[in-house]
Each structure stands twice: as C-alpha cells, then as structure tokens.
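Trainee: Sequence first, predicted coordinates after that:
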Amino acid sequence: MRRWTLAVTVCALAVVAGVEIRAQETTPSAETLLDNYVKAIGGRAASDKVNTRVIKARLEVPAAGLSMSVSTWTARPNKARTILESDAVGRIERGFDGTVGWEVTTTTGPRVYEGAQLDDAVRDNRFDGLVTWREWVAKAETRGAADVDGKPAWKVLVTPKRGSAQTYFLDQASSLIVKLETTARTPMGDVPVELFFSDYRDVAGVRMPHRVRQLLAGQELVSVLESVTPNAEIPAGQFDLPKEIQALLAKK
C-alpha cells in the first residue's frame, strides 16, 4: 500500500507527560478505538456503498528529486493492481487477484509473493480495511498514549488472523488514523516502515487521507492523491495475472 524529527520544548514535554499519565487512568479499549475510527471515516453503511476505487497519485522522493506517477485500481473483496512509473526507475507493477500476490519491475523482472509477504498481501488488500476489522483481526490491544506530530494519539496493536501485527495510532480528538508502524517484506529482508496520514477528505461519504508520508530505510517518501473515483468501472481483465507471472506459476 506503506512515506521526522520533531523539536519540542521542555514545557511541551511536561504537557505531553501529563496527558499520558491521565490517559493511563482512562485508557479506552482497542475495540472502542477501532469502532470510533469506523464512525469517524463515515461508518460501515457508507463504506458498503463503495465497491471499486480508481486512485491517481504522485509519489515523491524529496532527497533524490524523484517523482513517480501512481495508478491504483481496487475492487471488492480483495483485488488490487498498482502501476508506478517514472523516467528514472521505469515501471513497477504490483497486484493481488484475491489469491496470488505479485510484482513485475523494469529492473528485477517478475516475482510471485510467498510466505510472510503473501500473508501481508492478504492482510493489506482487503477492500474495507479496518472498517470490517472484526472479520479479520485475531486480537487488538491498546498500548497506551503517544504523541504524533505534536498531538495526542492512542496506540493500538492489531494482530490479524493472517499476516504480521501492525501498530495503529489514532488521533485522540478525531479518532482518525494518523500513523501506522508496519514492516515491508522485500527481497533484501524486512524493513520497518512508518506511515503518517493527513489531509483527510470526504469521498462518497468515506473520509480518506490524501497525503501519506513514509519513512523506511532512512528515506522519506511522500504520496499525494490527485484523484479518487469511487465505484469506477474497472476494465475487464484488470486484475488478471500478467503473462510473466503466469509463466512463473506454471513452473512450480
């Protein structure tokens, strides 16, 4: 899917510490926090009205002066395809057809997800995400209060039935997700990732973040959504496996 230093005064630290001490006395349950998030983004009924999405975005790597166009198609219950393109790095294509997770890049060629990476793809490609958390989460635990960009948030550790655990940070005032700590599975190993979500906007009754800042492997990436089209018509065969991926599967 995923993208920071914050200077604070001694006075501000004291305020945050005070918030955390009080929060420990009235810490909400993880179930309450997740349900409040669902309400904050528009509720289950609004989410159920959306069956597909087409998203156009820009992915920026400020330190490298790199910009990529991003196109994503998603559909219920768990199908997705994303294409990233730039003159500098060529084309990166990723997808999930409900069973098979895959990637084809200009530099490394085709690859089929296996093991932990496939498990995380199953977790990440659920169309409704946390809206239907009770259907796919094995355990959710509140892990106390935290500060995210100067504002108090609640930490919730979510362990799915399939895939690795992730820590969500929900703003205490809005109940929206403002940060996510997760792990990216790569051919070179596992990489911790922090994602910061902002600029929430209403799209067909569902509030979605339009800016995502990522930190991984010492790099900052920023994704900015340029358009989101709900219930868009998806081209026939859009989620079919590419020929290169079919060829890899045929060899197994």
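Mentor: Right, received. Where do you want to start?

Trainee: going forward, measure contacts between C-alpha atoms and count neighbours the same way
Mentor: Fine.

Trainee: contacting residues around Arg213?
Mentor: Shown here is Arg213, whose contacts under the criterion C-alpha atoms under 8 Å, 6 or more residues apart in numbering are Arg3, Leu195, Phe196, Phe197, Glu220, Leu221, Val222, Ser223.

Trainee: which one among the residues you listed gets closest to Glu31?
Mentor: Minimum distance to Glu31 across the contacts of Arg213 is 21.0 Å, recorded for Phe197 (C-alpha to C-alpha).

Trainee: Torsion angles phi and psi at the closest residue to Gly90 other than its chain neighbours?
Mentor: Distances taken as C-alpha to C-alpha, 6 or more residues apart in numbering place Thr106 nearest to Gly90, at 5.8 Å, with adjacent residues excluded. Here the main-chain torsion angles of Thr106 (degrees, to the nearest 10) amount to phi -60, psi -30.

Trainee: give me every residue that touches Thr106.
Mentor: Taking C-alpha under 8 Å, 6+ apart as the definition of contact, the neighbours of Thr106 are Val89, Gly90, Arg91, Ile92.

Trainee: okay, Gly18: pLDDT?
Mentor: Model confidence at Gly18, given as pLDDT, is 41.

Trainee: circling back to that earlier point, among the contacts of Thr106, which one has the most neighbours?
Mentor: Going through the contacts of Thr106 with other C-alpha atoms under 10 Å as the criterion, the one with the most neighbours is Ile92, at 20 neighbours.

Trainee: Please identify the helix or strand for that one.
Mentor: Following DSSP states H and E, one finds Ile92 within strand 90-96.

Trainee: contact partners of that strand?
Mentor: 78-85, 101-107, 121, 125, 239, 241.

Trainee: just the buried members of those?
Mentor: Listed as buried from those are 78-85, 101-105, 121, 125, 239, 241; burial here means 16 or more other C-alpha atoms under 10 Å.
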